[in-house]
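Peer 1: sequence plus the predicted model coming up.
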Amino acid sequence: MSDDPTRQLDARGLRCPMPLLKLKQALHGLTAGEEIEVWTTDPASVRDFQAFLRQSGHQLMDITEGETEFYFLIRKKPED
């Protein structure tokens, strides 16, 4: 996990689509290039986050899939 994340989002216990909605809200509060760590327990978040990040241009820096928890490190895309 990141030593100095800009922001952390704990979305454990939330079901689809809430982890993705919370991530979108959190990204709005970041500036370009900042990173956010996200934890979820919803397996659908792996697919949902990856699809959203491909479409939006944000970068998935790290993903760890455990048995019951999922960790993501995401960097907000540079301003266009």
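Peer 2: Thanks, I have it.

Peer 1: scan this protein for its longest helix.
Peer 2: Once the chain is assigned using DSSP state H, the helix that runs over the most residues is helix 44-56.

Peer 1: helix or strand right after that helix?
Peer 2: Downstream of helix 44-56, the first helix or strand assigned by DSSP states H and E is strand 59-65.

Peer 1: name every strand pairing with that following strand and say which way it goes.
Peer 2: strand 70-75 (antiparallel) (DSSP bridges).

Peer 1: on that earlier part again, elements contacting the longest helix of the chain?
Peer 2: Applying 3 or more C-beta pairs under 8 Å, 6 or more residues apart in numbering; DSSP states H and E, we find helix 44-56 packed against helix 18-28, strand 59-65, strand 70-75. Any C-beta I mention is one placed from the backbone N, CA and C, and that applies to glycine too.

Peer 1: out of these, deepest packed?
Peer 2: Neighbour counts (mean count of other C-beta atoms under 10 Å) averaged over each of these peak at strand 70-75, with a mean of 20.
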